Each structure stands twice: as C-alpha cells, then as structure tokens.
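1. next come a sequence and a model predicted from it.
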Amino acid sequence: MLVDENIPGAESALASFGRVQRFSGRSLTRSQLIDTDVLLVRSVTTVNEALLSGTPVCFVGSATSGIDHIDVSYLQDCGIHFAHAGGANANSVVEYVLSAIAAVDDRLERLLAGEICGIVGYGQVGKTLAARFHALGIACRIYDPWLERANVPEAVDLEEALACEVVCLHPELTEQAPYPSQHLVSRDTLPLLQPGALLINASRGGVIDNLALLAHLNAGNDLLTVLDVWEDEPHINVALLKEVTLATPHIAGYSLDSKIAATRMLARAMATALGLSGLVRQNKPERQAPLMLADCLSGAALVRALVHAYYDVREDDARLRGEGASEISEHFDRIRKNYPERRELAGSSIKLPMGFSDLSTLEALGCEIVDGDINSG
C-alpha cells in the first residue's frame, strides 16, 4: 500500500495488513500505482481517472475532512472503495482559529465582551467551532445554505454572517449550484465585511478570490486577515502574503493528535471495506506532561495563555515569512513536510495555582484538571 509521507503512524496502524511504502504527495504518478491496491493521500494529491486508470487500486483513503481533491464519482463508477477522515482534524482547526483570534490585538477580549463571530459552513469544523464558542460565551451567526435552516443554530444569510466582527470560513469547496463556495468571498462580497473586521480562512484557498482580496487590501480597506489556505498552493501569491495579518502554509489541521486519529479512521475503513482480518492498532500519541499555570488568570487572559501554550500561530507565520523563503512553493511544502510536533489543548492536563477559580473556561477548552484540586500548590 502507498501512503503519503505526511500521514504519521501508518506503519503501526496497518502492520497487520501489509507493507507500507511512502510517497511525496505532490509528485505521485500513475506508474507508482501499477502494483498498488491501497492508496492513502492528503489534500495535495488529486485522485482521479488520470491517476488511477489501469491500476489495481481498490481502496482510496484521504486523511482529510475536505474531499475536493478526490473525484468521488469516478471512484464510485469504478467500484473503488473510498473513505476520508471527516472530523479528525476539527479540534486542531478550532484551536488554530482560537490561536489566531488570541494573537490579533484585543479581538479575543472584544468577542468575550459581546462582539459576534460569523461562521460560514456548518460541517464538522463549523459545528465544533460553534460549540467551542458557545462554551466560552461567544455569540455566533452561522451560514450554511446546504442545510435545512432549522438544523443550523443562529442561522443567517451570507450577508449577515459576513457583517460580523470576526468571520471564520469553513465550507467545503464546491462549484456546485445553487450555492457554490468557490470564490464565495470575492470582489462582490468583500465590501460586506466591516471595517476592522477579522477574516480567517482555514478551509480551502479557493473559497476566497485571492486576487480580489489583494486588490481590496491594496485599496486601503481596513480588514485584518488570517490565511492558512491559498489558491494555487504551493505557488501562493507572494504579494498577498505580504499584505495579510497572519499567514500559514495549510497547517491548521496539522496537530499530531488529529493526524493519528485520521490514520486510525482510514485503517478501520480500509479493513472493513476490503474484508481484511487483522488488528488496527490504536497508536495514540503519548499523554503530555501536565501544564502548570503560573498565575491565577481568568477570562481572555486565561484563554490566551492556554491556547498559546499549546499552539501559537505567530510561530508558523514567522516560518512562512522567514529567511530561505525566496522560492515560496518549495518553502511552503518544506514547512509542511518538516512540521514540528504540535499537540492539542483539548484533553490536556492542567495543574492549577492556589486560589484559581475560573474552572468554566478550562471546561470550555476541554482541559482536564490534575487531581481535581484547585487549591493544590
């Protein structure tokens, strides 16, 4: 079986089913699949007839939530089993969004004080983000025209979602009528964003017309922007890179926890689809040492301290803009390939200082209290 080099834990999870061979996601060719029955990819590999025709591949798995890089209709027509890791990276993306909000001026304080976040897309990530915001007491307005309005809490039209103080984009990328998300944010819709608003895209690059966004920013519009995804990756627009507030190389869902979870999901799906007997090993990341809070923080200060203790988006921004970035496409992929281990805050253990009282925020972030004693030193 062929497995993308950026899918960790495959050798362990798939040990019962055969030998794992690694490949570079952007350079995979049909000739490499001539003797392969299982193919596991990430979003950088386009899987379609041109890649699979004439090969023995009978199972394709994508360790991603989005599947715009997969020709699902072709796989169905050919009887090729398909699975993807929907939801595996949702918490990782949510913590990326929180890190970005916490890093941009006093935006976190303003949200906790009553400003509203618009969420575009109510899939796995959108739902997880809305739930996290709700737990923190942050108000949301949600736009997803593909779902029955009664099934979307705080449902609004696109115009109202884009008019919020913070706008988070999480739709699937599609050109399908009647609600295409390709260039959903464009020359026509950018003026709907408030002056001083914060726009975050951690879905797919094509959701924003990158050239229109660059023109909008160059025109002096007061818009804060955080882009994790870009059109034409890895050949991203360097001029746009210079203009956005924070920029990262498509790593919002790159926590080790989410990657291992995705590998397990695909291994189980493959075993079920192909009727294979064998054990899918759990292969969970080692539990982290508890984090000791040094001060009795609360509210926004506590959220910022905890989120940035586990992931600070500004470090990835510095990597992408750093020295050695003269050839941006190679630099973009090099960061992804050599990405440092990143763990998630949710599920982590926290030791509390004497007198700590803001347990509700810890609960909202999914943290666990060591020994459950808030008065221990």
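-> That came through, no problem. Numbering: from 1, shown residues only.

2. quick one: the helices in the stretch 251-377 of the chain, in order.
-> Taking DSSP state H, counting those that start in this stretch to define them, one finds helices in the stretch 251-377 of the chain at 256-274, 299-310, 313-321, 328-337, 359-364.

3. got a list of what the nearest residue in space to His250 that is not next to it in sequence touches?
-> Distance criterion Cβ to Cβ, 6 or more residues apart in numbering; nearest residue to His250, sequence neighbours excluded, is Val229 at 5.3 Å. C-beta coordinates here come from the backbone N, C-alpha and C atoms, glycine included. Val229 sits next to Asn201, Ala202, Ser203, Arg204, Gly205, Val207, His250, Ala252 when contact means Cβ atoms under 8 Å, 6 or more residues apart in numbering.

4. dump the helices of the stretch 251-377 of the chain into CSV; add distance to Pro285, mean neighbour count and mean pLDDT as well.
-> Below are those laid out as CSV (distance: least, Cβ to Cβ, whole Å; neighbours: other Cβ atoms under 10 Å; pLDDT from 0 to 100):
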stretch, distance to Pro285, mean neighbour count, mean pLDDT
helix 256-274, 5, 21, 94
helix 299-310, 13, 19, 97
helix 313-321, 20, 19, 97
helix 328-337, 19, 17, 94
helix 359-364, 21, 16, 96
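
5. out of those, flag the one nearest Leu224.
-> helix 313-321 (13.0 Å; Cβ to Cβ).

6. what is that closest one packed up against?
-> With contacts defined as 3 or more Cβ pairs under 8 Å, 6 or more residues apart in numbering; DSSP states H and E, the packing partners of helix 313-321 are helix 90-103, strand 246-247, helix 328-337.

7. correct me, but Cys240 touches Ala215?
-> Just so we're on the same page, residue 240 is Leu rather than Cys. No. Counting by Cβ atoms under 8 Å, Leu240 does not reach Ala215; the two are 9.8 Å apart.

8. compare the two (neighbour count), which wins?
-> Leu240 (21 against 14; other Cβ atoms under 10 Å).

9. find the nearest non-adjacent residue to the more buried one, please.
-> According to Cβ to Cβ, 6+ apart, the nearest residue to Leu240 is Leu214 (4.6 Å).

10. roughly how far does Gly9 sit from Leu111?
-> 35 Å (Cβ to Cβ, to the nearest Å).

11. kindly report the same for Leu40.
-> Leu40 is 38 Å from Leu111, by Cβ to Cβ.

12. same thing with Ala163?
-> 15 Å.

13. cool, His250 as well?
-> Distance from His250 to Leu111, by Cβ to Cβ: 25 Å.

14. got it, and Ala289?
-> For Ala289 relative to Leu111 (Cβ to Cβ), the value is 30 Å.

15. show me which of these two is the more surrounded one.
-> Set Ala289 next to Leu111 and count neighbours by other Cβ under 10 Å: Leu111 wins out with 25 against 9.

16. number of residues surrounding the closest residue to that one other than its chain neighbours?
-> Closest residue to Leu111 apart from its sequence neighbours, by Cβ to Cβ, 6+ apart: Ile138 at 4.8 Å. Neighbour count of Ile138, defined by other Cβ under 10 Å: 23.

17. neighbours of Pro234, just the number please.
-> Neighbours around Pro234, by other Cβ under 10 Å: 19.

18. am I right that it is in a helix?
-> No. The assignment for Pro234 (DSSP: H, G, I helix; E, B strand; the rest coil) gives coil, which keeps it out of a helix.

19. all set now, cheers.
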